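In: Quick one, what's the 3D model for this:
(one chain, ligands or ions: 1)
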Amino acid sequence: MKVNTATALAHPNIAFIKYWGDIDPSMHIPTNGSISMNLQELYTRTRVSFDPALEHDQFSLNGCEVEDVAFRRVSDFLDYVRKTVGITIFASVESHNNFPVGTGIASSASGFAALSLAASKAAGLNLDERALSRLARTGSGSACRSIPSGFVEWYAGSSDQDSYAQSIAPSEHWDIVDCIVVVSQEEKPISSSAGHLLAGTSLLQPTRVTDAPNRLERCRKAILQRDFDALVEVVELDSNLMHAVMLTSSPTLLYWKPATVTIMQAVQSWRKTGLPVCYTIDAGPNVHVICANDSLQTITDNLDRLPGVLKILISHPGGPARFENNRSRM
Ligand code: DP6
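Out: Numbering: from 1, shown residues only. I've put the predicted structure just below:
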């Protein structure tokens, strides 16, 4: 019996305009559109083999067998692919992240983007970019933005058909950098998936959502015009709005550590001295410090001097999710 195998690689992304809250949590149809940048230096590589000899799905991450919630998510995703194709064969999934676990970098985006390519191909589907983005979204919302290249917009839509991501500009369009400042390696207490469900309990969420088209427009324009000052303003505002919603949810979500606030304040003070830089923070305590490539050295020197900084990972705008040679190293 034939084993069908495919391997793919995808980058995580950092959201400049955030996804927070769903109109349909089961399909990850978001309350608002979002914009992100793929992170070139970080990636997940995933090999999927549909194997008639298997009696159940298998999933390993960085060489270790996974059996908990993460396995359930992968197996549910494979069920969705199997249902689409009309097959019942189980699969083995081997994933490797080149970035350390516990650094607060969402591996679900690169993970489900790579899995979408590899699983759909191994199951015999040849999906175009839009269909791949929609498929990745069913695994993890932000994964749909890791399918296209460079700077990417996820059109919220209102159903599975029209909720997908597309590139605004390729990775080489703009030389900006994400310095991912790790201040905690602990697992976050509330996952993004659980957090999305709480967004609607905040009084501020309707305001955040209603104004989203305006922020998306400002961010899109700033990227297209390579206007860093404009980008900085809207990125920091959007991050603050999402955290305001988190802080005013019931129960309240406070992901920050003291070092998170230290970095936020430092970044704002550096900007006042004329350094082009801003921060954005996802559902965790670690801070993404976005700067122009020509001020990278100054920024990392400054960050290194701050208390509580454990590690800094540097990443430039990244390419699309792509297939790899099946015999590629894992
Ligand atoms: C704060 O895509 O991780 O990073 O769809 O439940 O997997 P699920 O959530 P996820 O949420 C991302 C939340 C965020 C903002 C963003 O990336 O837009």
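In: Which helix in the protein has the most residues?
Out: Ranked by residue count, the top helix of the chain under DSSP state H comes out as helix 228-247.
In: What about A292, how many residues nearby?
Out: Other residues near A292 number 18, with proximity taken as other CB atoms under 10 Å. Glycine gets a C-beta too; all of them are placed from N, C-alpha and C.
In: Now V93: phi and psi?
Out: With angles defined as degrees, to the nearest 10, V93 shows backbone torsions of phi -120, psi 120.
In: Can you pull the phi and psi angles for the residue nearest to it when sequence neighbours are not counted?
Out: Nearest in space to V93, with sequence neighbours left out and distances taken as CB to CB, 6 or more residues apart in numbering, is F59 at 4.6 Å. Backbone geometry at F59, expressed as degrees, to the nearest 10, gives phi -140, psi 120.
In: how about F59, what does it touch?
Out: E65, V66, A70, F71, V74, S75, S92, V93, S95 (CB atoms under 8 Å, 6 or more residues apart in numbering).
In: Which of those sits closest to D162?
Out: Within these, the smallest distance to D162 is 25.9 Å, found for V74 (CB to CB).
In: count of residues packed around that closest one?
Out: Burial of V74 is recorded as 25 neighbouring residues (other CB under 10 Å).
In: Identify each of the helices in the stretch 1-150 of the chain and give its residue range.
Out: Secondary structure of the stretch 1-150 of the chain (DSSP state H, counting those that start in this stretch): helices located at 69-85, 107-122, 129-139.
In: out of these, nearest to the ligand?
Out: Nearest to the ligand, of all these, is helix 107-122, at 4.8 Å by CB to the nearest ligand atom.
In: sec struct for L203, please.
Out: The three-state label given to L203 by DSSP: H, G, I helix; E, B strand; the rest coil is coil.
In: quick one: contacts for it?
Out: By CB under 8 Å, 6+ apart, L203 lies in contact with T248.
In: got it, and D51?
Out: Contact partners of D51, counting by CB under 8 Å, 6+ apart, are V3, I89, F90, A91, S92.
In: any chance of those residues in a markdown table, plus neighbour count?
Out: Output for these, formatted as a markdown table (neighbours: other CB atoms under 10 Å):
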| residue | neighbour count |
| --- | --- |
| V3 | 14 |
| I89 | 20 |
| F90 | 18 |
| A91 | 27 |
| S92 | 17 |
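In: As a markdown table, those residues with distance to I147 and pLDDT would be great.
Out: Listed next are these as a markdown table, based on distance: CB to CB, whole Å; pLDDT from 0 to 100:
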| residue | distance to I147 | pLDDT |
| --- | --- | --- |
| V3 | 25 | 83 |
| I89 | 24 | 96 |
| F90 | 25 | 97 |
| A91 | 20 | 98 |
| S92 | 23 | 98 |
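In: Point out the residues in the stretch 101-250 of the chain that sit beside the ligand.
Out: Neighbours of the ligand within the stretch 101-250 of the chain, by CB under 6 Å from any ligand atom: A106, S108, S140, G141, S142, S192, S193, H196.
In: circling back: flag every buried residue along the longest helix of the chain.
Out: Taking 16 or more other CB atoms under 10 Å as the basis for neighbour counts, the residues of helix 228-247 that come out buried are 228, 231-239, 241-246.
In: can you give me the strands in the stretch 201-330 of the chain?
Out: Listed in chain order, the strands found in the stretch 201-330 of the chain under DSSP state E, counting those that start in this stretch are 277-280, 287-292, 311-315, 322-324.
In: mean confidence for the third one?
Out: Predicted confidence along strand 311-315 averages 96 (mean pLDDT).
In: helices or strands up against that strand?
Out: Where contact means 3 or more CB pairs under 8 Å, 6 or more residues apart in numbering; DSSP states H and E, strand 311-315 is packed against strand 176-182, helix 296-304.
In: quick one on the thing from earlier: pick out the most distant pair among the contacts of F59.
Out: In the contacts of F59, two members sit farther apart than any others by CB to CB. They are A70 and S92, at 14.9 Å.
In: Count the neighbours of Y43 for me.
Out: As a burial measure, the neighbour count of Y43 was computed by other CB under 10 Å and equals 25.
In: okay, I105: pLDDT?
Out: The per-residue pLDDT reported for I105 equals 74.
In: Could you export stretch 252-259 as PDB, CA atoms only?
Out: Written as PDB, here are the backbone C-alpha positions of stretch 252-259 (Å, rounded to 0.1, in the frame of the first residue of the first chain):
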ATOM      1  CA  THR A 252      -9.200  39.900  33.200                       C
ATOM      2  CA  LEU A 253      -6.200  38.900  31.100                       C
ATOM      3  CA  LEU A 254      -2.900  40.500  32.100                       C
ATOM      4  CA  TYR A 255      -0.100  38.900  30.200                       C
ATOM      5  CA  TRP A 256       2.600  41.500  31.000                       C
ATOM      6  CA  LYS A 257       5.500  41.100  33.400                       C
ATOM      7  CA  PRO A 258       7.400  44.000  35.000                       C
ATOM      8  CA  ALA A 259      10.100  43.700  32.300                       C
END
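In: All good on my end, thank you.
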